[in-house]
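A.B. asks: Fold the following.
(one chain, ligands or ions: 1)
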Amino acid sequence: MKKFFFAHFSKSTIIILSILMNLSNVSGQGVIIPIETEHNAFLLQTDNENRLRTVYFGGSLLHNEDYAQAKSMYHLDDANLGINNATYTSSGTWSIAEPAIQVVHGDGNRSLELKYVSHKKEQIDQNTSITSILLKDPLYDFEVTLYYKVWKSENVIEQWSEIKHQEKKPVILQKFASANLYFPSTEFYLTTFQGQWAKEMQPAEAKLVRGTRTIDTKLGTRAMLLQSPNFILAFDKPASEHDGTVILGQLAWSGNFKLDFEIDAYENLRFIAGINPYASEYTLQPNQTFKTPSLIYSISNHGTGEASRNLHSWARNYRVLDGQGERLTLLNNWEATYFDFDETKLTALFKDAKELGVDMFLLDDGWFANKYPRNSDRAGLGDWQENKKKLPNGIGYLVKEANKAGVKFGIWIEPEMVSPKSELYENHIDWVIRQPERPEVYYRNQLVLDLSNPEVQDFVYGIVDNLFTKNPELAFIKWDCNAVMFNAYSAYLDRKGLPQSHLYIDYVHGLYSVLERLRAKYPTVPMMLCSGGGGRGDYEILKYFTEFWPSDDTEPIERIFMQWDYSYFFPSIATDNHVTDWGKQPLKFRVDVASMGKLGFDIVAGELSENDLAFAKQAVSNYHSFKNVVWHGDLFRLINPHDHDFASLMYVDREKSKAIVFNYLVNSRQKLNTAVGPVKLDGLDANKKYNVKETNLYPGSRSMIDATKVYTGDFLMKVGINPNVSLWRTSVVLEVNEVK
Ligand code: DGJ
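C.D. replies: Purely as a prediction, here's the structure:
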């Protein structure tokens with residue numbers, strides 16, 4: 001067996017590999033590979049057939065040699081039940097379980113066996129390592145490398161696979177998972193998030209029972225509209241904020257995804273996640289590498305609170321573009337004007353933005369197209385020239401006027417889309433995803449451009465590049481994406497003789513490649529990802545965006561729930577919240593809710609009452625004073641609105657010297673005179689002293705919080721503080737400051 005493996009490597013590689021194998025092959029137990037975070041470990045081990053299997057998941061062991069004993073504590077080898085714990089399950093040979101990978105070899109054979117060849121661990125820095133494991137088919141020149149990138153102190157793992165072959169003819173990949181995990185335990189509780197437009201991210205938790213629970217999407221673009229690739233997996237009991245082992249994870253892919261959670265015959269959990277293989281057979285040429293997207297997850301033994309904080313700090317430090325930087329507060333004109341604006345209206349709004357004290361004005365949809373003007377969502381997408389009637393002096397004039405008014409200027413685009421009523425459609429119908437022989441099917445009256453086509457990629461790149469070339473002072477882009485892919489067919493792939501089944505995958509790669517080019521030229525300009533609300537927002541595309549728009553639903557009570565649920569996975573610095581006129585809550589409530597993230601406004605500020613305007617200005621100024629705690633601090637979810645009439649959460653800075661606590665009444669059906677008892681704060685230093693002051697007070701109202709009192713952190717975390725939320729004080733924001 002070994003002879004075969006080594007036949008493919010140079011002499012020096014053989015030495016390194018055999019050292020690794022010998023080291024790992026402790027006491028004849030096979031090769032043992034622990035994938036360890038600070039507190040947890042997956043243990044991978046070869047069996048006597050040299051297949052790599054997952055034999056343990058749990059706390060990382062103090063004594064390395066103990067790992068060799070773990071496997072013997074489980075009975076996972078009942079031949080009649082099959083092998084379910086393969087680390088990357090192949091198909092067509094010994095496996096009778098759902099595969100991670102399924103192929104048709106160059107000669108038409110559909111069987112695949114993957115055996116362990118070698119592994120290595122690269123230490124990138126003190127905190128980060130990548131373990132890669134090479135698996136090969138003994139019969140075919142076909143290999144898979146499994147990657148585990150570990151950020152030890154954040155307890156975050158990123159897992160992906162690379163598939164390659166040197167067969168004479170192309171191989172068809174029918175399935176190509178990113179990760180294939182196995183968890184031996186007793187009970188599993190899975191929270192998934194479903195939704196639709198303006199109702200994104202609705203959580204549902206259920207105990208997993210035998211069989212498979214699948215979360216998937218086939219929408220192509222705007223992929224998260226109905227199902228989200230985020231999940232919470234809790235071990236032994238339902239997920240809880242403060243205790244228990246949980247995994248918070250996501251498939252980082254902006255296209256079709258599929259997550260299968262299967263309780264198998266051993267009552268263990270098999271979890272396979274990756275690109276959705278639906279209509280996506282991929283032809284792989286010899287020596288070409290197919291790199292899957294990543295499954296990214298954070299593990300905690302202390303509940304979802306710690307897991308989120310770890311994921312947030314990972315995202316800020318290593319993933320979201322400029323995660324440690326600043327963000328621009330803004331006034332957006334979408335709900336203030338919709339498509340109905342001109343230069344006069346806009347320049348008045350610049351003054352409103354300045355008056356409010358925000359950093360920027362954001363011009364939304366409706367500024368472009370002439371032959372088919374963009375005066376509604378029925379025309380013009382694709383024709384990215386300023387509409388001469390609305391904006392006779394162009395974007396350049398607006399940028400200058402905004403700057404003169406003392407604010408920056410940002411702009412909305414939806415570059416991947418086309419209206420059937422547009423010059424782009426008339427001139428480049430072959431750039432449009434549509435079935436030429438069938439009636440077109442629209443989503444929001446529009447169609448998707450074919451980003452698998454390099455010419456279309458150039459066009460999309462050009463839209464942004466032109467805007468910046470002509471207007472170097474442009475400060476911000478909002479990148480929208482409102483349609484899903486119906487009639488998925490690419491004229492380009494056809495012309496090139498490539499299979500249509502590449503479309504869903506090549507589209508996403510095309511999108512990433514445009515973003516890659518843009519970021520090479522414009523590395524820092526902030527860009528907001530939007531997808532008709534929250535249809536997109538994953539950790540692959542957030543490499544290119546500074547923030548995303550979670551939902552068009554800005555009704556503030558709904559929004560408290562939604563922001564709460566997004567907060568499991570995303571740090572506040574990456575989530576944009578706007579104050580709008582949705583719902584019946586007073587301005588104060590709306591501003592307080594929008595302040596739990598990146599604050600923006602989408603209202604006609606000029607029409608606010610005197611008191612509302614005075615409040616809004618003061619609240620923006622307050623926000624500027626505490627925004628760094630919200631953006632860069634640790635989040636503690638204190639009282640869950642799903643379980644109470646009340647919601648409370650707080651952010652604490654790294655030094656534990658400043659915190660900001662948001663409290664809301666979320667149920668006013670009952671006559672609640674005053675809410676419950678005190679709220680126990682979290683994340684403070686027990687030995688430090690603090691005072692607590694109410695902020696964002698509405699003009700004329702008096703706080704019920706005595707700002708002169710001094711409390712220890714210990715007191716605030718054990719007894720707590722009562723924000724005195726009631727029907728008359730539905731929203732209370734508290735600032736906690738260290739007293740020295
Ligand atoms: C959908 C977005 O979610 C909105 O904020 C707005 O930009 C519209 N598109 C514009 O068409």
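A.B. asks: Could you look up the SS state of the residue in the stretch 251-400 of the chain positioned nearest to the ligand?
C.D. replies: Across the stretch 251-400 of the chain, the shortest distance to the ligand (Cβ to the nearest ligand atom) belongs to residue 365, at 3.5 Å. For every residue, glycine as well, the C-beta is placed using N, CA and C. Of the three states, residue 365 takes coil under DSSP: H, G, I helix; E, B strand; the rest coil.
A.B. asks: Check it and give its pLDDT.
C.D. replies: We have a pLDDT of 98 for residue 365.
A.B. asks: Kindly report the same for residue 23.
C.D. replies: 43.
A.B. asks: thinking again about what came up before, my read is that the residue of the stretch 251-400 of the chain closest to the ligand contacts residue 412, right?
C.D. replies: Yes - counting by Cβ atoms under 8 Å, residue 365 touches residue 412, with 5.4 Å between them.
A.B. asks: shared neighbours of those two, which are they?
C.D. replies: Shared contacts of residue 365 and residue 412 (Cβ atoms under 8 Å, 6 or more residues apart in numbering): 334, 480.
A.B. asks: about what we covered before: in contact with the residue of the stretch 251-400 of the chain closest to the ligand, which residues?
C.D. replies: If you count contacts by Cβ under 8 Å, 6+ apart, residue 365 has them with 334, 338-339, 374, 377, 412, 414, 480.
A.B. asks: hey, where'd the helices end up in the stretch 401-550 of the chain?
C.D. replies: 423-427, 454-470, 491-495, 503-521 (DSSP state H, counting those that start in this stretch).
A.B. asks: Next: the stretch 251-400 of the chain.
C.D. replies: Under DSSP H, counting those that start in this stretch, the stretch 251-400 of the chain gives helices at 303-314, 334-337, 343-356, 394-405.
A.B. asks: Which elements pack onto the shortest one?
C.D. replies: Think helix 334-337. Packed against helix 334-337, as judged by 3 or more Cβ pairs under 8 Å, 6 or more residues apart in numbering; DSSP states H and E, are the following elements: helix 343-356.
A.B. asks: Kindly format the C-alpha coordinates of the helix it packs on as CSV.
C.D. replies: Taking Å, rounded to 0.1, in the frame of the first residue of the first chain, the C-alpha atoms of helix 343-356 are listed here in CSV:
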residue,chain,number,x,y,z
GLU,A,343,-31.2,67.6,-8.7
THR,A,344,-33.2,70.1,-6.6
LYS,A,345,-34.7,67.4,-4.4
LEU,A,346,-31.4,65.7,-3.9
THR,A,347,-29.4,68.8,-3.1
ALA,A,348,-32.0,69.6,-0.4
LEU,A,349,-31.4,66.1,1.0
PHE,A,350,-27.6,66.8,1.1
LYS,A,351,-28.4,69.6,3.5
ASP,A,352,-30.6,67.3,5.6
ALA,A,353,-27.8,64.8,5.8
LYS,A,354,-25.5,67.6,7.1
GLU,A,355,-28.1,68.8,9.5
LEU,A,356,-28.5,65.3,10.9
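A.B. asks: The residue of the stretch 1-150 of the chain found nearest the ligand pairs with what?
C.D. replies: Relative to the ligand, the nearest point of the stretch 1-150 of the chain is residue 149 (32.8 Å; Cβ to the nearest ligand atom). With DSSP bridges as the criterion, residue 149 is bridged to residue 130, residue 158.
A.B. asks: can you pull the contacts of it?
C.D. replies: 128-130, 157-159.
A.B. asks: hmm, stretch 210-226 in reach of the ligand?
C.D. replies: No - for stretch 210-226, no contact with the ligand is found by Cβ under 6 Å from any ligand atom; the gap never falls below 10.3 Å.
A.B. asks: now the end-to-end length of that stretch.
C.D. replies: The first residue of stretch 210-226 is 25 Å away from its last residue (Cα to Cα, to the nearest Å).
A.B. asks: From residue 653, how far off is the residue nearest to residue 652 when sequence neighbours are not counted?
C.D. replies: In space, and not counting its chain neighbours, residue 652 is closest to residue 683: 3.9 Å by Cβ to Cβ, 6 or more residues apart in numbering. To residue 653, residue 683 is 9 Å away according to Cβ to Cβ, to the nearest Å.
A.B. asks: Neighbouring strands - and their directions - for the longest strand anywhere in the chain?
C.D. replies: Looking across the chain with DSSP state E, the single longest strand is strand 171-183. Take DSSP bridges as the rule and strand 171-183 pairs in its sheet with strand 101-104 (antiparallel), strand 269-275 (antiparallel), strand 282-284 (antiparallel).
A.B. asks: That strand vs helix 503-521, what angle?
C.D. replies: 80 degrees (axes from the mean of the first three to the mean of the last three Cα atoms, to 10 degrees).
A.B. asks: what's the burial count for the closest residue to residue 163 other than its chain neighbours?
C.D. replies: Distance criterion Cβ to Cβ, 6+ apart; nearest residue to residue 163, sequence neighbours excluded, is residue 290 at 4.3 Å. Residue 290 has 19 neighbours, counted by other Cβ atoms under 10 Å.
A.B. asks: how about residue 290, what does it touch?
C.D. replies: Residue 290 sits in contact with 162-164, 173, 176, 282, 284, where contact means Cβ under 8 Å, 6+ apart.
A.B. asks: Of those, just the buried ones, ChimeraX syntax please.
C.D. replies: Applying 16 or more other Cβ atoms under 10 Å to the contacts of residue 290, the buried members can be selected in ChimeraX as follows:
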select :162,163,164,173,176,282,284
